[in-house]
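In: Show me how the following folds:
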Amino acid sequence: MSAPSTLSFTPLTLPRPVPQQRIRTPKKNIPQTFGERSHILQAVRHYVAEFNPVPPIPLDQLAEHADRVVEMLKCDKIYRDYIGILINNEIWRETLATVPFERRLLLLPKCLRVESKCPAPFDEFGLLCKQCGLCSIQDLQAEAERLGYAVLVAEGSAIVMSLIQTGKIEAIVGVSCLSVLERAFPYMEAAAVPGVAVPLLQDDCIDTTVDIDWVWDYIHLTSDDQTRRLDLGALRDDVDFWFTPASLDLVMGSAEGETELIAREWLMRDGKRWRPFLTTAAFQALRDTPGEKMPDDLRKLAVAVECFHKASLIHDDIEDNDDIRYGKKTLHSEHGVAVALNVGDLLIGEGYRLIASCKVSPGQVLRMINVAAEGQRELCRGQGAELSWARTPGPLTSLQVLDIFRRKTAPAFEVALKLGALYAGTNAYDEVEEVLSAYSEALGIAYQIKDDLSDLGKGGDTNDIEAMRPSLLLAVAHERSHDEARELTESLWRRQIPAATDSSRVEELYRTLKADERATTLLETYKEEAIRSLRDLENPNLKGLLRRVIGKIFNDTEIKGWCKEFETKNAAARLGSEPQ
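Out: Numbers count the residues shown, from 1 in each chain. You can find the predicted model right below:
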């Protein structure tokens, strides 16, 4: 059934899809959560910075360093090999950055292909990719070759040795299981060739996948990017600190009256602060001296962006009749609709006041205010489309839901990035304006899809099923359903929820129809589209930083284990070392 005639949607086409991840059962020999991996990585970086191990390091010495980090962390010894990889990568990272792209080799394993469908033949050097798009090899190879890399899709050790001996390869980015990495390591160490390694995500030797973000980070690593050493985690901590009471008073002045006190309290409430983080990141990338202390006016812009965002949340909660936000009462539930509306309006005014008070040229201020105003208008258009649907609810297609995401979420990301870029200077901004628009659109849609998935059912953040907002999951389920399931999705879209229906039944329907899998695929597709939007960006600082921002925001990739060949080899080695 078509959407209500009162709605007007901008045509939206999907970017080229990326291969769907094939998830397998995780093992216990690597950290399973992003928090654990991030903690270990920070420990490795501190260790390398403090003890400064000089490469090349033989495998046995690398194991000794890994053991020390294991002891420092008091973590399970089964993580030693994973930690060894991180140590090796860190000690070579800066050297890799200085090697020209055309003197580097990207080594990919043939098991990344979809073996049952791959049309590519082999020659003596490995797989000859046919660019069919079934796996990640195509994009990785095309991007690396565009930069100037030599690329091989082969198991590696003998070929790597022969290439090293030619003297034409000065650095290697390798994707592999531990078994192959272990065999190739002695050749690289003996030749003192800088090498970083990205482990595969699954077991087995067929149909594997890899963390694309991690590979792209290393592929694009260059000394021309002065932001490559910026600690994005520390940058986020700085941004979070700007929303403490004392810091807000310094930026905004002392609060006067109850309305301002309520507004400040709401501004300080929980939130991911991604939008002020993006403002700060864009400025850091485009300023002449990325590593220097951040100017005070940048805090004003970051707070202004969060003012706009928190105002939109207040108004959204009223319009959607939501009672809970951040696990607490929404502002209108706590203080009443009239007070909440007034506080939201105040925050919008505060945002524009802070922008206008920045000590930059009048032209920069004017353009920043215009960017914020255009973003505000587009966001209201998106919210208006949703409210129009709510008056006469009916089924929406996936593309129509994605268009609402584009209009409601992407503008806030675009405003955040463009304000930071404009504050760095209008000349720098003019060179990147179009890229920022394309990047923001893809990033905003991907972010909202991620949010849609996190809201799934009673265990979700806000439970979109009960709130009955336009949902990508429901759109996909409706498109795929038949008979009784079709009747259920139809009634859900029309907010006529059958009495016997609860969230768990709808969740089960989503999983049966694989709506969650489709949404996850679309999430990966738009993340990849955000990456592609940076392809022709000539500013290495902005390109590198925005590329890493994607990994920072979407940090949900899990490493699932190592290949069975390596596990078998380890088991045999352990048996062989035991007393007979």
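In: and Arg104, how many neighbours does it have?
Out: Per other C-beta atoms under 10 Å, the neighbour tally for Arg104 reads 24. For every residue, glycine as well, the C-beta is placed using N, CA and C.
In: Pretty sure Leu436 sits in a helix.
Out: Yes: Leu436 forms part of a helix when assessed by DSSP: H, G, I helix; E, B strand; the rest coil.
In: need the contact list for it.
Out: The contact partners of Leu436, by C-beta atoms under 8 Å, 6 or more residues apart in numbering, come to Ala282, Glu414, Leu417, Lys418, Ala421.
In: Scan these and report the most crowded one.
Out: Leu417 (30 neighbours).
In: quick one: the strands in this protein?
Out: 104-108, 122-123, 126-127, 150-153, 171-176, 195-199, 324-325, 328-329 (DSSP state E).
In: Rounded mean pLDDT for stretch 451-468, please.
Out: For stretch 451-468, mean pLDDT rounds to 64.
In: Same check on stretch 153-167?
Out: 67.
In: now do stretch 396-411
Out: Taken as a whole, stretch 396-411 carries a mean pLDDT of 92.
In: residues touching the closest residue to Leu346 other than its chain neighbours, list them.
Out: In space, and not counting its chain neighbours, Leu346 is closest to Ala263: 5.2 Å by C-beta to C-beta, 6 or more residues apart in numbering. The contact partners of Ala263, by C-beta under 8 Å, 6+ apart, come to Ala255, Val343, Leu346, Leu347, Glu350.
In: Which among these count as buried?
Out: Among these, the ones that count as buried by 16 or more other C-beta atoms under 10 Å are Ala255, Val343, Leu346, Leu347, Glu350.
In: gap between the second one and Trp274?
Out: Which is Val343. Distance, Val343 to Trp274, using C-beta to C-beta, to the nearest Å: 22 Å.
In: ok, now the last one?
Out: Between Glu350 and Trp274 the computed distance is 20 Å (C-beta to C-beta).
In: Give me the subset of the contacts of Ala263 that lies in helices.
Out: Val343, Leu346, Leu347, Glu350 (DSSP state H).
In: Columns distance to Asp237 and pLDDT on top of those residues, output as a markdown table?
Out: What follows is the ones in helices among the contacts of Ala263, written out as a markdown table (distance: C-beta to C-beta, whole Å; pLDDT from 0 to 100):
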| residue | distance to Asp237 | pLDDT |
| --- | --- | --- |
| Val343 | 27 | 95 |
| Leu346 | 28 | 97 |
| Leu347 | 24 | 97 |
| Glu350 | 24 | 97 |
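In: and which of these is nearest to Ser333?
Out: Val343 (13.0 Å; C-beta to C-beta).
In: I'd assumed Leu267 was in contact with the closest one.
Out: No: under the criterion of C-beta atoms under 8 Å, Val343 makes no contact with Leu267, lying 9.6 Å away.
In: Return the helix or strand in the chain with minimum mean pLDDT.
Out: Ranked by mean pLDDT, DSSP states H and E, the weakest helix or strand in the chain is helix 564-577, scoring a mean of 44.
In: Tally up the residues packed near the closest residue to Leu286 other than its chain neighbours, please.
Out: Counting by C-beta to C-beta, 6+ apart, Leu286 lies nearest to Ala424, which is 3.7 Å off, once chain neighbours are set aside. Burial measure for Ala424: 22 neighbouring residues, criterion other C-beta under 10 Å.
In: Could you find the closest non-adjacent residue to Arg407?
Out: Once flanking residues are discounted, Arg407 sits nearest to Gly382: 2.9 Å by C-beta to C-beta, 6+ apart.
In: for the one you found, what are its contacts?
Out: Ile404, Arg406, Arg407, Lys408, Thr409, Pro411.
In: wouldn't Glu490 be in contact with Pro395 here?
Out: Yes: using C-beta under 8 Å, Glu490 is in contact with Pro395, at 6.5 Å.
In: quick revisit: looking at the strands of the chain, which is closest to Arg494?
Out: Here strand 324-325 is closest among the strands of the chain (C-beta to C-beta), at 24.4 Å.
In: who's in contact with that closest one?
Out: With C-beta under 8 Å, 6+ apart as the criterion, strand 324-325 contacts Arg269, Leu313, Asp317, Thr330, Leu331, Ser333, Thr462.
In: can you check stretch 362-370 too?
Out: Stretch 362-370 has contacts (C-beta under 8 Å, 6+ apart) with Leu301, Tyr352, Ile355, Ala356, Cys358, Lys418, Leu419, Leu422, Tyr423, Gly425, Thr426, Tyr429.
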